[in-house]
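In: coords please:
(chains A and B)
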Number of protein chains: 2
Amino acid sequence: MSERFYAGIDMGGTNTAIGIVDEEGNVVARCSISTCRYGNLKDYADALYEATEKLSEEIGGMEKISAVGIGAPNANRDGEIACCQNLPWEMPAPLAAVVRQRFGIPVAVDNDANASAAGEMIYGAARGMKNFITITLGTGVGSGIVCDGNIIRGHRGMGGELGHITVRRDNARSCTCGKDGCLEAYCSASAVARTAREWLAENPERESLLRSLPSESITSLDVYEAAMKGDSLSKEIFDFTGEILGEALADFMNISDPEAFVLFGGLARSGELLMEPVRDSFRRHLMPLWRRYETKILVSTLPGADAAILGAAALATRKNG
Amino acid sequence: MSERFYAGIDMGGTNTAIGIVDEEGNVVARCSISTCRYGNLKDYADALYEATEKLSEEIGGMEKISAVGIGAPNANRDGEIACCQNLPWEMPAPLAAVVRQRFGIPVAVDNDANASAAGEMIYGAARGMKNFITITLGTGVGSGIVCDGNIIRGHRGMGGELGHITVRRDNARSCTCGKDGCLEAYCSASAVARTAREWLAENPERESLLRSLPSESITSLDVYEAAMKGDSLSKEIFDFTGEILGEALADFMNISDPEAFVLFGGLARSGELLMEPVRDSFRRHLMPLWRRYETKILVSTLPGADAAILGAAALATRKNG
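Out: From the prediction side, this is the model:
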């Protein structure tokens, strides 16, 4: 049995998942608490401690836990949460400092995208790599750039956000960030659903299994399932999404010369439906100089349900040699 | 007088400039030797040593030099030159190792773009900054990304090359790299001349001072001089170039959250002719989230003639605590 454990805490605006992770990356115990029911940060930290202490009975007590890692929305480089609409706490909330005080052991806090990158580096598809880029294809598009083993944060801690790189300039889609043409507006899970709605509306004569669903309720999972049943419109949506993602990844080579890209999130579980057009487009859009090197495009191997806990725990391992 | 000096060596395919730099960033002695006349790397290292030894008489001898920095074309992260068409040496050439052996002191080798970034950080416009991006607007577009004080190199040492990020996808210009639509194809000094040639050909009725020059010989300096004389076509060429550069810089914010961009190279000396449209476009294309922060767009303050020597010397300072 592992002698050293980490607490990995995935803080969401509504709920917080807590896991105890051994040195091999197994989540040996897990639970969750509410995030938003606590009126202030101190009460939340107390609740975290209480829940973790209970979990730690599985491994012989709190003294077996070396460090705490927390993946939190909008966390800045000082371990503070800059803002979170769901929480009534005073902002910025000094999460790292308050949890460190309560637990009495080292605490690492980072935003979700960077935690995800740390998880891939310590436990996942990028294990042993020092240079890679993670792309999370969820509601939005998150990313983490790891260079020489360090996660790129930048001056205000807001670096490594490739979801808002412009991929289309003419007749570009508006993005939720307020800009037009962002990668997120084309290649997130929400964007796949948006493409479906747009194409169905623009091509009223075109048959599709998706027509049996109310347009506004279509999700990327619906498009995936229709494509797997042979629906040609849905397949073309994945081709379109993969084409743009492959173009973007080819460009990202020039940023940090990664050994691999690791794709994560709901849409990344679409298998070859997405990966084939991504790889094909990546190859076609690569600068010729890069073509002599192999750059891997991998799908995350972290178990979906525990990935965020493992990412948070991976942050903790870095606090502890 | 400074007690510690560095040798800064700017190796070009034809000539090599050598300078001795004090701790304040003054080039106190300089000379140059031929690069390509030496049939092998060892003879070249001997010539470097001999020339540096002679220069060191100015400061009291070789023992005053703490370390050597070399900016070299296509240098990889192991201090080797991967390839250079001008040189008859066996490739890859282990430049750092051979020079270190000859000089008997620490040697740092990096490519020109990264040396330039180091120069800005130690002696130039980015002094004291830990997060910035340098963009060199010369024959091509080079760049250096500095994050938390480290220059981004990546897996094969080829990171931080933003000149080949795609900025136009529809009807895009071909770039010398073999890809289409690169920043370099629109915003390098050569690209400014190319824009002039294209626009003159496409608008035969349009008057311009540039029409007095043979089209093929037009340089970016010609366009600059015409614009300064009030030539409207030439001004529009700078507006066009600045618009695209500003778009690109706005996107680059998302990569590494820099505190500043530092523009360098011939075209960066165009003053407000270029900087005004760059800043205007940058502001318009920024993700709204970034607008609350001030990000500086600076022009390098390093003296043009010595900038490459200072960049190389800056690499050396990092070898020496």
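In: can you pull up the most central residue in chain A?
Out: residue A:136 (4.1 Å; CA atoms, centre = their mean).
In: what's that one sitting at in phi/psi?
Out: phi -100, psi 120 (degrees, to the nearest 10).
In: SS state for the closest residue to it other than its chain neighbours?
Out: Nearest non-adjacent residue to residue A:136, counting by CB to CB, 6 or more residues apart in numbering or on different chains: residue A:142, 3.9 Å away. Where you see a C-beta, it was placed from the backbone N, CA and C, and this is true even at glycine. Of the three states, residue A:142 takes strand according to DSSP: H, G, I helix; E, B strand; the rest coil.
In: residue A:142: neighbour count?
Out: 24 (other CB atoms under 10 Å in any protein chain shown).
In: and the angle from the lengthiest helix in chain A to helix B:232-256?
Out: If you go by DSSP state H, chain A has its longest helix at helix A:232-256. If you take axes from the mean of the first three to the mean of the last three CA atoms, to 10 degrees, helix A:232-256 sits at 90 degrees to helix B:232-256.
In: give me the helices and strands touching helix A:232-256, please.
Out: strand A:132-137, strand A:141-147, helix A:184-187, helix A:189-202, helix A:220-228, helix A:272-285 (3 or more CB pairs under 8 Å, 6 or more residues apart in numbering or on different chains; DSSP states H and E).
In: if you set the cut-off to 7 Å instead, what comes out?
Out: strand A:141-147, helix A:184-187, helix A:189-202, helix A:220-228, helix A:272-285 (3 or more CB pairs under 7 Å, 6 or more residues apart in numbering or on different chains; DSSP states H and E).
In: what's near enough to touch residue A:153?
Out: A:77, A:159, B:148 (CB atoms under 7 Å, 6 or more residues apart in numbering or on different chains).
In: for chain B, give me its nearest residue in the stretch 1-150 of chain A.
Out: residue A:131 (4.0 Å; CB to the nearest CB).
In: returning to that earlier point: got the buried residues for the longest helix of chain A?
Out: Buried residues in helix A:232-256, counted by 16 or more other CB atoms under 10 Å in any protein chain shown: A:233-256.
In: which SS state does the residue of chain A positioned farthest from its centre fall under?
Out: For chain A, the residue at maximal distance from the C-alpha centroid (CA atoms, centre = their mean) is residue A:205, at 37.4 Å. At residue A:205 the chain is in coil, as set by three-state DSSP.
In: any idea how far residue A:235 is from it?
Out: 18 Å (CB to CB, to the nearest Å).
In: same thing with residue A:133?
Out: 27 Å.
In: wait, the residue of the stretch 1-150 of chain A closest to chain B sits on residue B:154?
Out: Yes: here residue A:131 reaches residue B:154: they are 5.0 Å apart, a contact under CB atoms under 7 Å.
In: what do those two both touch?
Out: Counting by CB under 7 Å, 6+ apart, the residues touching both residue A:131 and residue B:154 are A:147, A:256-258.
In: which stretches in chain A count as strands?
Out: Under the criterion DSSP state E, chain A contains strands at A:5-11, A:15-22, A:27-34, A:65-72, A:107-111, A:132-137, A:141-147, A:150-151, A:260-264, A:296-299.
In: closest one to residue B:219 among those strands?
Out: Closest of those to residue B:219 is strand A:141-147, at 36.4 Å (criterion: CB to CB).
In: what angle do the closest one and strand B:141-147 make?
Out: 90 degrees.
In: now residue A:8: how far from residue A:216?
Out: For residue A:8 relative to residue A:216 (CB to CB), the value is 36 Å.
In: please say which of the two ends up with more neighbours.
Out: Ranked by neighbour count (other CB under 10 Å), residue A:8 and residue A:216 place residue A:8 first, with 30 against 7.
In: tell me who's in contact with the more buried one.
Out: A:19, A:21, A:69, A:309-310, A:312-313, A:316.
In: try 6 Å
Out: By CB atoms under 6 Å, 6 or more residues apart in numbering or on different chains, the residues touching residue A:8 are A:19, A:21, A:69, A:309, A:312-313.
In: residues contacting the residue lying closest to it once chain neighbours are set aside?
Out: Take residue A:8 and drop its neighbours on the chain: the residue closest to it by CB to CB, 6+ apart is residue A:313, 3.1 Å away. Listed by CB under 6 Å, 6+ apart, the contact set of residue A:313 reads A:6, A:8, A:21, A:69.
In: so the last one touches residue A:311, yeah?
Out: No: taking CB atoms under 6 Å as the definition, residue A:69 is not a contact partner of residue A:311, at 7.8 Å.
In: distance check, the residue of the stretch 1-150 of chain A closest to chain B against residue A:255.
Out: In terms of CB to CB, residue A:131 sits 11 Å off from residue A:255.
In: equivalent analysis for residue A:134, please.
Out: Taken as CB to CB, the span from residue A:134 to residue A:255 is 13 Å.
In: please apply the same query to residue A:217.
Out: 37 Å.
In: what is the neighbour count of the residue of the stretch 201-321 of chain A found nearest chain B?
Out: Across the stretch 201-321 of chain A, no residue is closer to chain B than residue A:257, which sits at 2.6 Å (CB to the nearest CB). As a burial measure, residue A:257 scores 23 neighbours (other CB under 10 Å).
In: show the pLDDT at residue A:81.
Out: pLDDT, residue A:81: 87.
In: typo on my end, residue A:200
Out: 98.
In: and the residue of the stretch 201-321 of chain A closest to chain B, what pLDDT?
Out: 96.
In: for it, which phi and psi angles does the backbone take?
Out: Torsion angles, degrees, to the nearest 10, at residue A:257: phi 40, psi 60.
In: contacts only, for it.
Out: B:154-156, B:158-159.
In: burial measure for the closest residue in space to it that isn't next to it in sequence, as a count.
Out: Setting aside the residues directly before and after it, residue A:257 is nearest to residue B:154 in space (CB to CB, 6+ apart), at 2.6 Å. Residue B:154 has 25 neighbours, counted by other CB under 10 Å.
In: residues contacting residue A:316?
Out: Contacts of residue A:316 by CB under 6 Å, 6+ apart are A:6, A:67-69, A:108.
In: same thing with residue A:297?
Out: A:261, A:279.
In: partner residues bridging it?
Out: residue A:261 (DSSP bridges).
In: please produce CSV containing the strands of chain A, extended by mean pLDDT.
Out: CSV is the format used below for the strands of chain A (pLDDT from 0 to 100):
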stretch, mean pLDDT
strand A:5-11, 96
strand A:15-22, 96
strand A:27-34, 96
strand A:65-72, 95
strand A:107-111, 92
strand A:132-137, 95
strand A:141-147, 94
strand A:150-151, 91
strand A:260-264, 96
strand A:296-299, 97
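In: could those go into JSON lines alongside distance to residue B:14?
Out: Output for those, formatted as JSON lines (distance: least, CB to CB, whole Å):
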{"stretch": "strand A:5-11", "distance to residue B:14": "56"}
{"stretch": "strand A:15-22", "distance to residue B:14": "57"}
{"stretch": "strand A:27-34", "distance to residue B:14": "60"}
{"stretch": "strand A:65-72", "distance to residue B:14": "52"}
{"stretch": "strand A:107-111", "distance to residue B:14": "48"}
{"stretch": "strand A:132-137", "distance to residue B:14": "37"}
{"stretch": "strand A:141-147", "distance to residue B:14": "33"}
{"stretch": "strand A:150-151", "distance to residue B:14": "37"}
{"stretch": "strand A:260-264", "distance to residue B:14": "38"}
{"stretch": "strand A:296-299", "distance to residue B:14": "39"}
